[in-house]
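Asks: Structure of the sequence below:
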Amino acid sequence: NDPTVLLLPTWSIIHSRFWKAQVPYLARHHRVVTFDGRGSGRSDRPAGAAAYVERQYGDDAAAVMDATGTDQAVVVGLSCGATYGVHLAARHPDRVMALIAVGPSCGFEIVVPEREQHLWDGDLDTTEGWAKYNRRYWLEGDYDDFLRYFFSQMYPEPHSTKQIEDCVGWGHEISPETLADTTAARLGCDGVTCEPIDAVCQTVRCPVVVVHGTDDRIRPLAYGERLAELTGGSLVTIEGGGHGPFGRDPVFMNRLIRDVVARARPDLPATRKTWTRALKRPRKVLYLSSAIGLGHARRDVAIAAELRRHHPDLQIHWLAQDPVTSVLAEAGETVHPASAALASESAHIEDECADHDLHAFQAIRHMDEILVNNFMVFDDVVEAGHYDLVVGDEAWDVDYFLHENPELKRFSYAWMTDFVGWLP
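Replies: Numbering: from 1, shown residues only. The predicted structure follows:
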């Protein structure tokens, strides 16, 4: 009876793969529905701006809910997707349990001078900066240059090259002509009349949580503040964050969605929990052993044996994947059941070197959604397990995401690696 989570499409410049860091984690706890918005991915690309009005995207979401047998859902939208979520919540109030609006790109009357000095549908006297956001530049100039500039503004945080590369690649999967149609609809060009969004926001009755980065260079924080004000919603700001926290701060966003979904349940089941006083707790270690090379497993089993020699009452739980689990089973070790939810790192590496050529750095960069998934599994385990020590042998995901989310480090941590210095 857990709520369904509906992850809405955003502006058609990217398709639903932008949710890749959310779906695996959320789907372990809830039913998750995603779809490509019209004009992107595997959805149709109707011609003309009239096909891309914002209200239509909200109706599309309702149609997807019908087709998937979804009576109600917690709805999550990024940028333009936040606007689509507002329309869905306003037109179908009984179907939206809560709305999470991230970096809302709603059509509020808010002045953004650095963007508004250039006309989207006008002639160009420069191609620098936001002048690239121009119909003629997309159709007749340098569409790739626009994509690279736009996504560099979407991800202003340091070390965001992977997120930018992903989005530029996805942006090339939609034609400039279709992207121009979607933009003309949003701006009220080509015979389209824009529906004032302020009045629509005021009709939303479900709980609303607005999330906005203070360094959002696509839509400034004032947009998020305005949406929260009009809907009576809560506002969560990400200090130093840009327009794409789902890609750049996936752990924070995944946990935020989890918490909102938990609060949205109207029928919270009765639970029974036990809290053990500190002096009654056995000492516990969570051990992560890399599946890439069995040398790690043999070394780790030997280290575990030495730990027990010094502390005979020590409990060691292993978070590991095949083929390491086979080595652990032979040694009589206890593999944590959550290990079954880990995405396979070894399968990914095998796939990367299928042509007998492995670029180690790129292989790890391409493993980004696997690393997010596996860290979220780890985070669930340590949150529930009260471990005194975590040992990570080549646990790159744990080391990186604890660096990015230091408040989640609630234990002593020992990390062993012979490969240091990379950034996602």
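Asks: In this structure, where is pLDDT below threshold?
Replies: Scanning the chain for pLDDT under 70 picks out the ranges 1, 419-424.
Asks: my guess is residue 33 is in a strand, correct?
Replies: Yes. Assessed with DSSP: H, G, I helix; E, B strand; the rest coil, residue 33 lies in a strand.
Asks: And it, how far from residue 55?
Replies: 20 Å (CB to CB, to the nearest Å). C-beta coordinates here come from the backbone N, C-alpha and C atoms, glycine included.
Asks: out of these two, which sits in the more crowded spot?
Replies: residue 33 (20 against 17; other CB atoms under 10 Å).
Asks: show me where the stretch 1-150 of the chain has helices.
Replies: 23-29, 54-67, 80-91, 113-116, 135-140, 143-154 (DSSP state H, counting those that start in this stretch).
Asks: what's the closest of those helices to residue 374?
Replies: When these are compared by CB to CB, helix 23-29 sits nearest residue 374, at 9.1 Å.
Asks: Determine the three-state secondary structure at the one residue sitting closest to the centre of the chain.
Replies: Residue closest to the average C-alpha location in the chain (CA atoms, centre = their mean): residue 246, at 3.1 Å. Of the three states, residue 246 takes helix under three-state DSSP.
Asks: want to try CSV for the helices of the stretch 1-150 of the chain, with distance to residue 334 as columns?
Replies: Below are the helices of the stretch 1-150 of the chain laid out as CSV (distance: least, CB to CB, whole Å):
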stretch, distance to residue 334
helix 23-29, 21
helix 54-67, 42
helix 80-91, 43
helix 113-116, 57
helix 135-140, 57
helix 143-154, 44
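Asks: Could you identify which of those is most buried?
Replies: helix 80-91 (a mean of 26; mean count of other CB atoms under 10 Å).
Asks: Just the C-alphas of that helix, formatted as PDB.
Replies: Only the C-alpha atoms of helix 80-91 are listed here, as PDB (Å, rounded to 0.1, in the frame of the first residue of the first chain):
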ATOM      1  CA  CYS A  80       9.300  22.800 -16.400                       C
ATOM      2  CA  GLY A  81       8.100  19.600 -14.800                       C
ATOM      3  CA  ALA A  82       7.300  21.500 -11.700                       C
ATOM      4  CA  THR A  83       4.900  23.600 -13.800                       C
ATOM      5  CA  TYR A  84       3.300  20.400 -15.300                       C
ATOM      6  CA  GLY A  85       2.900  19.100 -11.700                       C
ATOM      7  CA  VAL A  86       1.100  22.300 -10.700                       C
ATOM      8  CA  HIS A  87      -1.400  21.800 -13.600                       C
ATOM      9  CA  LEU A  88      -1.900  18.200 -12.700                       C
ATOM     10  CA  ALA A  89      -2.500  19.000  -9.000                       C
ATOM     11  CA  ALA A  90      -4.800  21.800  -9.900                       C
ATOM     12  CA  ARG A  91      -6.900  19.900 -12.400                       C
END
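Asks: What lies in contact with it?
Replies: The contact list for helix 80-91, computed with CB atoms under 8 Å, 6 or more residues apart in numbering, reads 8-11, 37, 54-55, 57-62, 75-77, 95-96, 99-107, 186, 197, 200-201, 203-206, 208, 210, 227, 231.
Asks: buried subset of those residues?
Replies: 8-11, 37, 54-55, 57-58, 60-62, 75-77, 95-96, 99-107, 186, 197, 200-201, 204, 206, 208, 210, 227, 231 (16 or more other CB atoms under 10 Å).
Asks: Hmm, residue 44 is touching residue 38, no?
Replies: Yes. The pair residue 44 / residue 38 is scored as a contact, 6.1 Å apart, by CB atoms under 8 Å.
Asks: Neighbour count: these two, which is higher?
Replies: Set residue 44 next to residue 38 and count neighbours by other CB under 10 Å: residue 38 wins out with 20 against 9.
Asks: So that one versus residue 54, what's the distance?
Replies: 11 Å.
Asks: Which parts of the stretch 301-424 of the chain are helices?
Replies: 324-330, 345-352, 360-365, 368-385, 396-404.
Asks: buried stuff in the last one?
Replies: Using 16+ other CB under 10 Å as the test for burial, helix 396-404 gives 396-398, 400-402.
Asks: The second one now?
Replies: Applying a neighbour-count criterion of 16+ other CB under 10 Å, one finds 345-346, 348-349, 352 buried in helix 345-352.
Asks: The longest one now?
Replies: The neighbour-count check on helix 368-385 (16+ other CB under 10 Å) flags 368-382, 385 as buried.
Asks: Please save the CA atoms from that helix in PDB.
Replies: C-alpha atoms of helix 368-385 as PDB (Å, rounded to 0.1, in the frame of the first residue of the first chain):
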ATOM      1  CA  ASP A 368      27.600   6.800 -11.900                       C
ATOM      2  CA  GLU A 369      24.000   5.500 -11.600                       C
ATOM      3  CA  ILE A 370      25.400   2.200 -10.200                       C
ATOM      4  CA  LEU A 371      27.400   4.000  -7.600                       C
ATOM      5  CA  VAL A 372      24.400   6.100  -6.500                       C
ATOM      6  CA  ASN A 373      22.200   3.000  -6.300                       C
ATOM      7  CA  ASN A 374      24.800   1.100  -4.200                       C
ATOM      8  CA  PHE A 375      25.400   4.000  -1.900                       C
ATOM      9  CA  MET A 376      21.700   4.300  -1.200                       C
ATOM     10  CA  VAL A 377      21.600   0.600  -0.300                       C
ATOM     11  CA  PHE A 378      24.500   1.200   2.000                       C
ATOM     12  CA  ASP A 379      22.800   4.200   3.500                       C
ATOM     13  CA  ASP A 380      19.700   2.300   4.300                       C
ATOM     14  CA  VAL A 381      21.800  -0.500   6.000                       C
ATOM     15  CA  VAL A 382      23.800   1.800   8.200                       C
ATOM     16  CA  GLU A 383      20.800   3.900   9.100                       C
ATOM     17  CA  ALA A 384      19.100   0.800  10.500                       C
ATOM     18  CA  GLY A 385      22.100  -1.200  11.700                       C
END
